[in-house]
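> Requesting a structural model of the entry that follows:
(chains A, B and C)
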Amino acid sequence: MSDSILNPNVTRRRFLQATGAAGALGAAGLGLDLGGGLSTLTKAHAQPAGAAGGETVITKSFCHQCPARCGIDVYTTNGRVHAIYGTLDNPLTQGKLCPKGHYGVYLLYDPDRFKSPMKRTNPKKGRDEDPKFVPISWDEALGIVAGRLNALREKNESHRFAIITGRGWGASDVGILGDFGKLYGTPNFNLGHSSICSDASETVKHIMDGHHAYSAYDYPNTNYLLVFGAGFLESFRPFTGNMVAWGQMRTKSPKTRVTVVDVHVNTTGTAADRLLLIKPGTDGALALAMGHVILTEGLWDRAFAGDFTDPALKFEAGKEIDPNTFNEKWVSGLAEWWNVVLKDCTPEWAEKITTIDAADIRTVAMDFGSTKPAVALFERGASAHTNGVYNGMAIHALNALTGNMFAKGGLRGYQMKTAWAKPDVKAEEFMDDYAKAPERKKPRLDGAKTEKWPLAKNMIQEIAINQLKGDPYKMDTILFYMTGPIFSAPDCKKWEEALRQVYVIDTSAYPGETSVFADLILPDHHYLERLQVADTYPFQGYPISMIRTPAVKPLYDTKVFGDTIIEIGKRIKGPTGEYYKRLGNTENLIRMLCKGFEEKPGDNGVKDFESFKAKGVWYRKPYAFLQKDGEFYEWDGKGYDKHLTPEEVKQKVMPTATGKFEVKVTELEHYAEYVAKRLGIAPERAPFPQWIEPRHPGGGDLHFVSPKLAGQAEGRSANLPHVSAIIQPTQGGKRNVFLEIHPETAKKRGIGDGDRVRIKNDVGQIEAIARHFNGIRPDTVALPMIHGHWAQGRWAKGRSPTASTNEVTANVSEPISGLAVFHSGKVFVEKI
Amino acid sequence: MAKWGMVIDLEKCTGCQACTIACGMENSRLPGEHWQDVIFFNEGQYPSVQMKWFPRPCQHCENPSCVAVCPVRATYKTEEGFVLVDWERCIGCKYCMIACPYGVRFYTEEKPSYGGPDVKQVFKSNDAHSWNPPWKMPDSREDWNHGVGVQPHDVVSKCTFCYHRVSKAPKGTADLDPGNPAQREFTPACVVTCSPGARFFGDLSNPRSRVSKLIADKEGVRLLDQLGNKPQVYYLTGSGGAVPSSHANVKA
Amino acid sequence: MFPISEPKHFAEIIPYLANLWREEGTMRFIGTVLNLGHGRSAAGLWWKLCLATGLASGGYALYMLVTLGHASFNTSSDGVNWGMPIATYVFFALTSSGLSMIASIPMVFGFEQFNPIAKRCIWLAIITLIAGFAVLALELGHPFRMLWAMPTGLQVRSPMFWMGVFYSIDLVLLLIKFYLLWQQDWDSPFSHFIGAASFVAVILASGMLGLVFGSVVMRPMWFGSFTSIYYMLTAALCGAAAIVVTTYMAYHFDRDRMPEPLRSMAGSHELPMVFATLIGIALVMILTRFWTGLWSNLDGFEGFHQLARDPLFHLEVWVGLALPFVMMISPSMQRREGAQLTAAFLVLAAMFYNRYEFIISGQFVPMFKGSWVNSLVPYTPSLTEWSLTVFGFSIALGLYALGEKLFHLSATPSGEPAVEQTAEAAA
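Residues are numbered from 1 along each chain as shown, chains lettered A, B, ... in the order given. Here you go, the predicted structure:
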C-alpha cells in the first residue's frame, strides 16, 4: 500500500498550547508532594510533560459495527487513534454516532488481535483443541492457498473452493469476488450471510413492489410511524440515522406519533406513544386486521389504491365485493385480496391470534389510516418466523393501502446507484477455457436458487448440513470473511462438525470461534487501517458512497481482504494470474472507480479520488422519483416535474409483473405449488398476504426470542470491557447479559431473580442468568443475541450466557426468503 | 464570565448510551467508570410497564456538596461553573463520593465490574498513571489539576464537562453547537455524539442562550432540587420522559 | 530477673537500652526487647501474640495494597464507597474518645473513686487512636499527601477537615496528659487545664466524626444532628467497655489480684451503674433511630428494613447490648467479675458491629443506579479489608500490652499502687 494515502487530508492544529497549568488551586506548585498511594511508592510521580505534542489529524472513514456504514472522523495524534466522531457533512451521520460507532478505537488496540499470518500445527480440531498456530510469512501463506487452488483446478474440482462472506462491502472488497469466481471457476465465490440476516424484508419488497432491497423511509417528514418487530431505537439500521430522525420526528410540528409492536418492553416501545405486546409470530394477523379496518372505515388512499365505481359501495366485514365495481390504480389485486383474505380479518379475529385487544387494533389502524404521511415498517421480530414473508407482506401492504409508497414522508423509495466508473481491466478478457467450460455451471453449495430454495438469495445456514451430507458435493477449502456461522447460524454446533472436514481459511483480524477450527489465518486490517470504498445502506434513497482512508499504518503484519484476494489471484496459474497482476491492488482499483465522479461530482464537490479522501463521502441528492396524489414524477434537475406514464413507472419505479404494487403477488402465483407444499396453504391463496399459523420448532413451552441490544456491535464487541460495562442497561446487564423472564413464569419454575438457568430444547442447551422482568410476555423469554462467545479473547468468556443463542435455535428457514427463523423457536427454562 | 450548563431533553433521549461511550473514549476512562451513565428504571405490571431512563453526567452544581466536604480542597468549582478534581491534591478519601447526591464520582482503584482481567493490568503504566491505554487522549491535553486525562492511582475522578474542550471556547460564546464546525471541537463529547440531539450546552448566565431559552420554554427541572445543590444540568421532561423518583431499583 | 520499670524521663531509655545490649549481647538483647523483659507475663504473651498477628495481617494488607492497590477492597463507586476499614477506624476513634471521657470523670469532674483507671484510660485512648489512624491511613488513597494538603487546603466547610483538626489536637493533648501522669503530675493547674482541654477536644472530635456522616443529607440514614450526639454518647460506652476489659486483662482476669483501690472500685456498684447507664443510653438511641427509620418511607431508608432482616443486627441489639444492660442493673449480678467481663466483651463486640452496620447500611441505597443495581448493593469485606481490621486490633492490643509492661497504668495520684502486682508478680 502506497504511503500517499497516509497523507493527512484534513489537519487541524488542535489545542496545541498546553493549558499552562492555569491551575485553579494548583498545589503542584508547592512542590510538597510526599508521594502517592502505596501502590505508586516505587514509581516516579510526575505528570508527563504536557507541552508540545503532535498535531491531531482527522482522517475520513466509515464505521463497521453494523450494516449502516456511518461516515466517521478518526482523530489521530502522534500515530495513535484516540477518538472517533461522526462526520458532520455526511448525510447519514450528520456528525452523530450511536454507541457502537466509538468502539473502533478499542477494537483497533484489542490486545488479542492476530499479528501475522499463521498456520495450524495441531491436526486435531475441536472446541477445546488449541490450534497451535505458528506465524508464517504472507508469501508462504498465500503460496499455501494458491497451491491448494491450483491443485483443485488441475483436478477439475475448482467448485470445491468456497468463500463465505458476511459484512464485506464495496467494489474493492467482496465486490471483487464475482470476477474471482468467474476467472477461477467456482459458483461458491461469495456465499453471503443474508439468509441469517434479514432477507425476508428484502423478499417482501421484491415480490410486492419489485425491489429486492431495503427501503429508504422519509422519517423527517412522516407523521406516523408504525414499527413491527424492528428495534427502531436499538438495532434497526441505520441506527444513528434512526436516532437523528427520532429527534426530528419527536420535536417537529406536528409531532410524529409512533406505535411499536413487539414482544417485550424495550426502549423503542417505551419511547413510542403506544406499545402493543404481541404474541410472537403473529404480527401478520395484526397487520391484516389493520388493513381490514382501513378498508371498512374508508381510510384507504383512493388516489393511489383505487376506488369503487359507485361512491355508495363500501367494504363491509365478511362481505365480498364485486371486483368489477372497484377500479384498482396502483395496487394490483386489492379486490381479490379483500374477497379471499381480508374481509374476514376483523380486529376481533386478530385479537384471538395476537392477544392484542380488538379496541387497540382498531384505534391504531384508524390512527395510521387517517394520519398522512405515514410509514409501516417491519424487521425480524415480524419476519424471522416460518410465516415471516406473509407477515411482512401484510405489513408492507399497509403502505400501499394508505398511499405512502414513494411519497414524501412515506416509504420514500430504494437505493440509487453511485456513479462509479468501470475498471479498465475487464475480467471477461482473462477467462481461460477452463473457466468458460460448461461444467463450471454447478449448483451452489448452499442450495440457494436451486429447486430446494428457489426464491432465496443465499442459504448460508444450509452449508454445514450440505457439507456433512456431501450434497451437492464435499468441499475442499473454505475461506471465511467477516462472518462466523459457527456462532451465528442456527444450530451452529453443526458447523463444528462440518469444519473438521475441510481446510478452513479465516481472514478475521481477531481470534474467534471460526479461527479455532481454522487451518490458516490470513489476518485482515482493522477498518481504521484500511483503504476501502462502499455504498451506504439505503437512507434517503439518493446515492451515498464513502471511503475509508487509513488513520494509522497497520499495527501488525496484516493485509486488507481485497488485496489478499488479489494476491491469491496473482498466484493462480494462467490468465487469472495475469488479470490480477494487471489489477495490481485495491488502491489501484479504487482510483479507477473514482473516475466516475469526474462526470458526476458529489453535491459536496467530490470529483476524484483525492477530494473523495478529503471529504470521505460522495452523494447526489435527491431521490429520483416521487409519488404524489396517485401520480408518479421524476426529478428533472429542478423539481419533480416529469410525469411518468404507467409504462415508465413499471420500468423505473415499480418493476413488478404488473408494474403496480402487488397484493396479489405474481411471483407467488408462479411458485404457488412450492408455497403450497412448504406452507400448507391452498395454491390459489398463495399470492395474497394472509395469516398462516407459525410453526415453533425446538419443542418447549416458552417462546424464545433473541433481540439485539443498542450497545451490541456485530461480531466483535465481546472482547471489549468498555462494552460489557454498559451492556443491557434495561436489565442492569453490565457484565452478564440476562434472560428476561416474567416473574410469574419464573415463579412457576422456581426461578428466582438472578438465578442461573438452563435454556434447552431439542437442539441443545445453554446457560444464562435469569432476570425477572414485568415487561416481557409471560409466554415468552428473551435473551439478547450475539452473547456467549467462547473464543474471542481474554475478556470474552466466563459471562452469562455461556454460549450462543443459536445453540438452542433450530435450523428452520422461512421457505420463500430463506431467512432463518430466529424468533420462532420454543424452549424450556429450568433452574440449575 | 460564562456559567456553563447543560440541558438534556428526555423526550428526545433514546437511551442508546452513545454519550457514555463517547465520554469514555474522549476522556480515556476505565471501563465501568461512567462519568456519563444512562440509568434505567422499570416499574409496573405486565402489560402496563413503564421503563424510564435518564442520562446522568456530573450536575456541576452551583452549590456543590462535594466541594464543601473535600478536606483538602482537591475538588473545587471554577468561576465558569466547572466542578473539577485536582488529581495532584486528591487524597482518595472518597468523602465526595459519599456526599454527592447524584453518584457521579469514581474511585480509580476498584475491582473490574466488566468481567475478565483488569484492564489496568493489561495496559500497564510505567509512570504515575494508573494505566496506559493505547487509545488515551494526547498527552498535550492531559491536565491533572483539572482532572483531565488518564488519572494517577487512588484518586477520585468525575465528569469535567469536557473542560479540555469547553475551556478553549471563545469568550462570550452563548451556546456550543456541535453542528457548527467552528464550535464542534469545543463542545463536550456527549453533546457532540448525541444522535437525537437531546443535549444542549451553553451559558446559563446568558438569558439569550439556547439553554436558557429551553429551560424557560420547556420548564427545565433539576434533579433532587430539594437537596439544594442547584445543578447546572437541567432536564426537559416533556411527554414521554421523566426523571426518576427514587435512587435505585430497591426491592427491599 | 531483669525488671523493666517505668523510666522517669525519655532520656533514661537510651543509656538503659545501651547498657542492656552490652550486658546481653545482640541476639539476647533483641529477644529480651521483643519479649519486653526476661520473664514470662500475661502482657508479654499478649504482646508477642499481637506482634505476630500484626505482622501477619499488616504484611498481607501491605502486600495486597502494593501489588493490587485498593482494588483489593470490595468497595466500589457503584455501591459501598466506605467499607469495613472506615468502620474499623470509626470504632477505634470513638473508643478512644470514650476512654478520654471516662478518664475525665476523675480528672475533670473530680470523681476520685475512678482514679485507678485514669492512667490506663489515657494510654488506651492514645493507642486506640493510633490504631484507628493506622487503619485509616491504609484505607486512604494518598495518606502522605494528606499531611500537606489538609493544612494548605484549609477547607473549613468540610466536617472531615475539622475531624482531622480535633482528633489531632486530641492526640496531642492525650500525649501531654499521659506525660504528666507519667510524671505523677495529677493535680497541677496545668494538668487540670490539659484535662479540661482534652475533654473539650474529645467531645468536639467525636462530634465532628459524627458530623462527617450527619451532614450528608443525601445519605438519609446518616443525616441529622442525631448522628453527632449518637457518636459522642456511644463513644463513652465503648470507652467504658474497653477499660473494664483491659483492667481485668491486666490482672489475669482475676479481681483478687488487683490492688486495693482498684479492687474496691471494681467491686463497687458505681462502676456497673455507670456502665449500665451508658448501655441504656446507647440502646435507647439505637432503637429510636431504628424505629424511626423503619416507620418512614423516605427513599434511602430501605437499609433499615435490611437491618431488620440481619441476624447480626439483632445479635448486636439483644445479646450485645440488652443482655449486658440487664446484667449490669441486676443487683445480684452487677458486681460479679464474670458478669462485668462478659458484659464488657459483649458490648465491645456489639459496638464494633454497630459501627460497621451504621456505615455500611447508610450506603445500601446507591445514588441513582436503577437497573444497574438490581436491589440494595451487596457488600462483603474482602480479605484485605479483614486483614486491615485485624491489623488495627493487633496494634491496639499490642501497644496496650507494651504499655502494661512499660508504664504503671494503674498508677493513682497517691503514687504507686501498694502492691507491685502486675502480671509479672503473678507470673
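> Could I get the contacting residues of the residue of chain B found nearest chain C?
Nearest residue of chain B to chain C, counting by C-beta to the nearest C-beta: B:Gly92, 1.7 Å away. All C-beta spots, glycine's among them, are computed from the backbone N, C-alpha and C. Neighbouring residues of B:Gly92 by C-beta atoms under 8 Å, 6 or more residues apart in numbering or on different chains: A:37, B:107-109, B:154-156, C:70, C:140-142.
> hmm, 10 Å instead?
Contacts here follow C-beta atoms under 10 Å, 6 or more residues apart in numbering or on different chains; on that basis B:Gly92 touches A:36-37, B:74, B:107-109, B:152-156, C:70, C:139-143, C:145-146.
> and if you look at C:Thr53?
Here C:Thr53 is in contact with C:387, C:390-391, C:393-395, C:397-398 (C-beta under 10 Å, 6+ apart).
> next one: B:Gly116
A:719, A:721, A:724, A:735, A:793-799, B:31, B:122.
> downstream neighbour of the helix or strand harbouring A:Leu286 in the secondary structure list?
Element membership of A:Leu286, judged by DSSP states H and E, is helix A:283-296. Downstream of helix A:283-296, the first helix or strand assigned by DSSP H and E is helix A:302-305.
> Backbone torsions only: list them for C:Gly110.
phi 80, psi 20 (degrees, to the nearest 10).
> Also C:Val165?
phi -60, psi -50.
> So A:Pro472, which state does it fall into?
Following DSSP: H, G, I helix; E, B strand; the rest coil, A:Pro472 is assigned to coil.
> okay, the spatially closest residue to it that is not a sequence neighbour: pLDDT?
The spatial neighbour of A:Pro472 that comes closest, neighbours along the chain excluded (C-beta to C-beta, 6 or more residues apart in numbering or on different chains), is A:Pro443 at 5.0 Å. Note on A:Pro443: pLDDT of 93.
> Same check on C:Phe10?
pLDDT, C:Phe10: 65.
> Enumerate the residues of the stretch 101-250 of chain C near chain A.
With C-beta under 10 Å from any C-beta of the partner chain as the criterion, the stretch 101-250 of chain C meets chain A at residues C:137-138, C:140-149, C:151-153.
> now A:Val261: how far from A:Ser824?
Note on A:Val261: its distance to A:Ser824, by C-beta to C-beta, to the nearest Å, is 16 Å.
> Looking at the two, which has the bigger crowd around it?
Neighbour count, other C-beta atoms under 10 Å in any protein chain shown: between A:Val261 and A:Ser824, A:Val261 has more, with 28 against 25.
> which element is the more buried one on?
Since the elements are taken from DSSP H and E, A:Val261 ends up inside strand A:257-262.
> In contact with the residue nearest to A:Pro472, which residues are there?
By C-beta under 10 Å, 6+ apart, the neighbours of A:Pro443 are A:159, A:187-188, A:449-452, A:466, A:471-473.
> what's the answer for A:Arg799, then?
A:718, A:724, A:727, A:733-737, A:768-769, A:787-789, B:114-116.
> Before we move on, what's the pLDDT of it?
89.
> helix, strand or coil for it?
coil.
> if I look at it, how far off is A:Ala285?
38 Å.
> tell me the SS of the residue of the stretch 1-150 of chain B found nearest chain A?
Across the stretch 1-150 of chain B, no residue is closer to chain A than B:Ser140, which sits at 2.8 Å (C-beta to the nearest C-beta). With three-state DSSP as the basis, B:Ser140 sits in helix.
> Spit out the contact partners of the residue of chain C most remote from its centre.
Distance from the centre of chain C peaks at C:Ser371, with 39.6 Å (C-alpha atoms, centre = their mean). C:Ser371 is in contact with A:728-734, A:738, A:771, A:773, B:39-42, B:51, B:53, B:248-249, counting by C-beta under 10 Å, 6+ apart.
> circling back to that earlier point, make a PyMOL selection of the buried ones in the contacts of B:Gly116.
A single PyMOL command suffices to select whichever of those are buried according to 16 or more other C-beta atoms under 10 Å in any protein chain shown:
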select buried, (chain A and resi 719+721+724+735+793+795+796+797+799) or (chain B and resi 31+122)
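> Confirm for me that C:Phe161 is in contact with C:Gly153.
Yes. In this structure, C:Phe161 is within contact of C:Gly153 by C-beta atoms under 10 Å, at 7.5 Å.
> Identify the contacts common to the two.
Common neighbours of C:Phe161 and C:Gly153 (C-beta under 10 Å, 6+ apart) are B:70-73.
> The helix holding A:Leu286 packs against which elements?
strand A:224-228, strand A:257-262, helix A:334-340, helix A:347-354, helix A:358-370, strand A:374-378, helix A:380-383, helix A:388-401 (3 or more C-beta pairs under 10 Å, 6 or more residues apart in numbering or on different chains; DSSP states H and E).
> By proximity to chain B, which residue of chain C wins?
Closest point on chain C to chain B, by C-beta to the nearest C-beta, is C:Gly141, at 1.7 Å.
> and if you look at the stretch 501-650 of chain A?
Going by C-beta to the nearest C-beta, chain B is nearest to A:Leu555 of the stretch 501-650 of chain A, at 8.9 Å.
> Check the gap between that residue and A:Thr564 for me.
For A:Leu555, the distance to A:Thr564 - C-beta to C-beta - is 17 Å.
> Show me where the stretch 151-252 of chain B has its helices.
With DSSP state H, counting those that start in this stretch as the criterion, the stretch 151-252 of chain B has helices at B:163-166, B:181-184, B:189-193, B:210-217.
> Highest mean neighbour count out of those helices?
helix B:189-193 (a mean of 28; mean count of other C-beta atoms under 10 Å in any protein chain shown).
> That helix - contacts with which helices or strands?
Helix B:189-193 packs on strand A:80-86, strand B:4-9, helix B:18-26, helix B:163-166, helix B:181-184, strand B:199-203, going by 3+ C-beta pairs under 10 Å, 6+ apart.
> cutoff 8 Å now
strand A:80-86, helix B:18-26, strand B:199-203 (3 or more C-beta pairs under 8 Å, 6 or more residues apart in numbering or on different chains; DSSP states H and E).
> quick revisit: let me have the helices and strands packed on helix A:283-296 in TSV, adding mean pLDDT and distance to chain B as columns.
Formatted as TSV, the helices and strands packed on helix A:283-296 follow (pLDDT from 0 to 100; distance: least, C-beta to the nearest C-beta, whole Å):
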stretch	mean pLDDT	distance to chain B
strand A:224-228	98	13
strand A:257-262	97	10
helix A:334-340	97	31
helix A:347-354	98	12
helix A:358-370	97	10
strand A:374-378	97	17
helix A:380-383	96	16
helix A:388-401	98	21
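> Select, out of the ones you listed, the one closest to chain C.
Each of these has some distance to chain C by C-beta to the nearest C-beta; the shortest is strand A:257-262, at 18.3 Å.
> Give me the below-cutoff pLDDT ranges for the chain.
Looking at chain A here, since you left the chain open. A:1-53 (pLDDT under 70).
> Correction: the question concerned chain B.
B:240, B:245, B:249-252.
> where along it do the strands fall?
Taking DSSP state E, the strands of chain B run over residues B:4-9, B:37-45, B:48-56, B:75-77, B:83-85, B:105-107, B:156-158, B:175-176, B:199-203, B:233-236.
> Make CSV from these and add mean neighbour count to it.
As requested, the strands of chain B are exported to CSV (neighbours: other C-beta atoms under 10 Å in any protein chain shown):
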stretch, mean neighbour count
strand B:4-9, 26
strand B:37-45, 20
strand B:48-56, 21
strand B:75-77, 23
strand B:83-85, 26
strand B:105-107, 25
strand B:156-158, 25
strand B:175-176, 24
strand B:199-203, 26
strand B:233-236, 24
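> what would the ones you listed look like in a markdown table with distance to chain C?
Shown next, in a markdown table, are the strands of chain B (distance: least, C-beta to the nearest C-beta, whole Å):
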| stretch | distance to chain C |
| --- | --- |
| strand B:4-9 | 14 |
| strand B:37-45 | 4 |
| strand B:48-56 | 6 |
| strand B:75-77 | 9 |
| strand B:83-85 | 12 |
| strand B:105-107 | 4 |
| strand B:156-158 | 8 |
| strand B:175-176 | 26 |
| strand B:199-203 | 18 |
| strand B:233-236 | 12 |
